[in-house]
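Asks: Have a look at this fold, sequence not included:
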């Protein structure tokens, strides 16, 4: 597969803070690559270096097979995390301007804007002022702004933030449609469910480092350990003397009791025996397939993960 | 990344220009500027009124009363004809009685005049000397210049015009004016009355002498002198300060308008960047533009918006002022002022943009940029120094020091001649400073444009300037 984007050992510091520390990965043509990580992990800084907004202190970035050139900006649709629009202008004026900045002439820009407005059911807002639109609709206008001119590479930072479930699904369908048409997409998101559903491959960034990278099934299946769901009548007090328990991945409480997602190293029977032996009432105990969210939670809480754990081809 | 894309720069410039000129604030300013200029044009009248009354300052009697304007004929050619002088005064009295505003027989006289005398001055209504509805002028002959001086000094005459013996050769008329007031423009009614008298006196006989005929084309070119009391204490400044002050303030005010266009355009730049930071549009733009392209496009577009304002100022403000004689600036001087304003804008635009980028919001941006605004406008704070000596040490230094040169040099140009080498040196300095400003401003802009939160300390900004 052709690599459309190659990040090679990039690092960036702000004062004494190492925001990105030697990150390497590649994005293949026509795939959706998910860049995952907690807040402050360095995702946005990494993206800004990919687009030459920030210059890396170390390493390099190749776009379309070469270091970024001025004209490459016209072939990349970028939706930053920190985003907004000219609030006092009309939607079509803003989109025409954004299209012109991508090298389209005014007519082509308007035509492209109209096409995408229709595609996303936003044509009624065409001549309205941006400030009159809801936050979700403004978000969709921003998405359209990145699609003008049909760039072959999209870099979207948190595209689902601010969208209700209906609009989030619409954007998810759009992403899948774009991938089907050959567009390469780099997606940064907190929504692990969305990432798991639509990403071909993911890279997990934590503390400025890439700690996991690979296809979604590989990352999940290679995550290791048995994963179980446990329901109890009282909060579990997990002691260090629980050798069969590797990690508490997630927990939630409700009127019905307490529910835990656990990674266990020992047998399920052994775990059940220990819980019952401590006087808990066991409401539920079953194996379950770990999700990308489980992987995410585990990985970011394990400082010992110090190197890229790559599944299959890292690029 | 490779060099900038001119097409994108033009796109940004066009957008910034259109967005700015369609703002209500801009349109309001555009409409108010001519009004402001009109106010400046009538400043002399305002100053006169503030100084205690129109007639006193003008050296004429109040409206409705008759003022005496003296004439001394030393030419030896009888250019002041007594019969016409008497005719004027009688006609004036009759006009008062009849409530008439036009001289009698004016049209008939106009018909008799040779073609070359039927110029605008003669046919213009304002040329009906003493008949403008307010001022009543009695013309009176004085035998000698000394007698005229005495008449002015004693307040008998509001002004005395002495036609010297060389008048036929050089058109030199000495206007003896009272110590207070005596603005040549304000004394126009009296001056015109005398001019009309002379023309009549000369046109009535047969006009055979070609020299005389030629002279009639230029009836009076006055050299004005304020008459002082010879017994006054030495050192007592008896010069007509108000008159001179107004004459000097007008070009300086005009020059300052030129300079203000620097701050207006820079202010738009600052506000525009602040607004984009607040709206979080900047990073969206940086997906398609390099920071340098964005900055240059903004500077050009908003500079054009400032230029439009200056052009409106020129067309609606300057032309009427020149026509009214309230401003006497040559085309070369105005062009030189435009050069200073352009370079001044280029000097301050990039650093203003950098201020906007460093600041968290528009208000903070204005606070930071105040340092530059104050520096650039500091010559205005020492305006009296410029007016006292436009070519003095302080004024010269400020006009050569690049940060203050745009305004200082423009003011000096308005006040009088500036040696060419000084203007050249000043332009060179401003150009150099503009280049440095771009280098420094664009580096700060590139790094600071995406900053959020607390304003970076100075040493951090210095590191950006050094490219770290």
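Replies: Nice, I can see it. All figures in this text were calculated on a predicted structure; none of them were measured in a lab. Numbers count the residues shown, from 1 in each chain, chains lettered A, B, ... in the order given.

Asks: Any idea which helix or strand in the chain has the lowest mean pLDDT?
Replies: I went with chain A, as the question did not name one. Of all helical and strand segments in chain A, the minimum by mean pLDDT, DSSP states H and E falls on strand A:309-311, at a mean of 43.

Asks: if you could check chain B rather than the one you did, that'd help
Replies: Lowest-scoring helix/strand for chain B, mean pLDDT, DSSP H and E: helix B:120-123, at a mean of 35.

Asks: In terms of secondary structure, what does the biggest strand by length in chain B contact?
Replies: Scanning chain B for the strand with the most residues, using DSSP state E, yields strand B:66-73. Here strand B:66-73 touches helix B:82-98, strand B:136-141, helix B:145-153, strand B:159-163, helix B:188-203, going by 3 or more C-beta pairs under 8 Å, 6 or more residues apart in numbering or on different chains; DSSP states H and E. Where you see a C-beta, it was placed from the backbone N, CA and C, and this is true even at glycine.

Asks: Hmm, residue A:148 is touching residue A:116, no?
Replies: Yes: counting by C-beta atoms under 8 Å, residue A:148 touches residue A:116, with 7.1 Å between them.

Asks: So if I had to pick from the two, which one is more boxed in?
Replies: residue A:148 (27 against 22; other C-beta atoms under 10 Å in any protein chain shown).

Asks: what residues are up against that one?
Replies: Neighbouring residues of residue A:148 by C-beta atoms under 8 Å, 6 or more residues apart in numbering or on different chains: A:77, A:95, A:98, A:99, A:102, A:104, A:109, A:112, A:113, A:116.

Asks: try 6 Å this time
Replies: Residues near residue A:148 by C-beta atoms under 6 Å, 6 or more residues apart in numbering or on different chains: A:98, A:99, A:102, A:112.

Asks: swap in residue A:288?
Replies: A:227, A:229.

Asks: Mind doing that once more with 7 Å?
Replies: Residue A:288 makes contact with A:227, A:228, A:229 under the criterion C-beta atoms under 7 Å, 6 or more residues apart in numbering or on different chains.

Asks: circling back: and the longest strand of chain B, which residues are buried?
Replies: By 16 or more other C-beta atoms under 10 Å in any protein chain shown, the buried positions in strand B:66-73 come out as B:66, B:67, B:68, B:69, B:70, B:71, B:72, B:73.

Asks: Which positions are bridged to residue A:209 in the beta structure?
Replies: In this structure, residue A:209 bridges to residue A:206 when assessed by DSSP bridges.

Asks: Run through who's touching stretch A:149-156.
Replies: The contact list for stretch A:149-156 (C-beta under 7 Å, 6+ apart) reads A:4-5, A:47, A:50-51, A:75-79, A:99, A:102-104, A:112, A:146, A:178, A:183-187.

Asks: So which of these belong to strands?
Replies: A:4, A:5, A:76, A:77, A:78, A:79, A:184, A:185, A:186, A:187.

Asks: From residue B:138, how far out is the nearest residue to the fourth one once chain neighbours are set aside?
Replies: Pointing back at residue A:77 there. Distances taken as C-beta to C-beta, 6 or more residues apart in numbering or on different chains place residue A:146 nearest to residue A:77, at 3.4 Å, with adjacent residues excluded. Residue A:146 sits 84 Å away from residue B:138, going by C-beta to C-beta, to the nearest Å.

Asks: For residue A:83, grab phi and psi.
Replies: Taking degrees, to the nearest 10, you get phi -140, psi 160 for the backbone angles of residue A:83.

Asks: Surely it touches residue B:286?
Replies: No: contact criterion C-beta atoms under 7 Å: residue A:83 and residue B:286 do not qualify, at 11.0 Å.

Asks: So for these two, which residue has more residues nearby?
Replies: residue A:83 (25 against 22).

Asks: what pLDDT does that one get?
Replies: What the model reports for residue A:83 is a pLDDT of 81.

Asks: circling back: which of the contacts of residue A:288 scores worst on pLDDT?
Replies: Scoring the contacts of residue A:288 by pLDDT puts residue A:227 last, at 78.

Asks: And the contacts of the one helix or strand residue B:364 maps to?
Replies: If you go by DSSP states H and E, residue B:364 is part of helix B:362-381. Residues outside helix B:362-381 that contact it (C-beta under 7 Å, 6+ apart) are B:256, B:262-263, B:270-271, B:274-275, B:278, B:344, B:348, B:351-352, B:355-356, B:358-359, B:386, B:398, B:403-404, B:406-408, B:411, B:455.

Asks: Perfect, that will be all.
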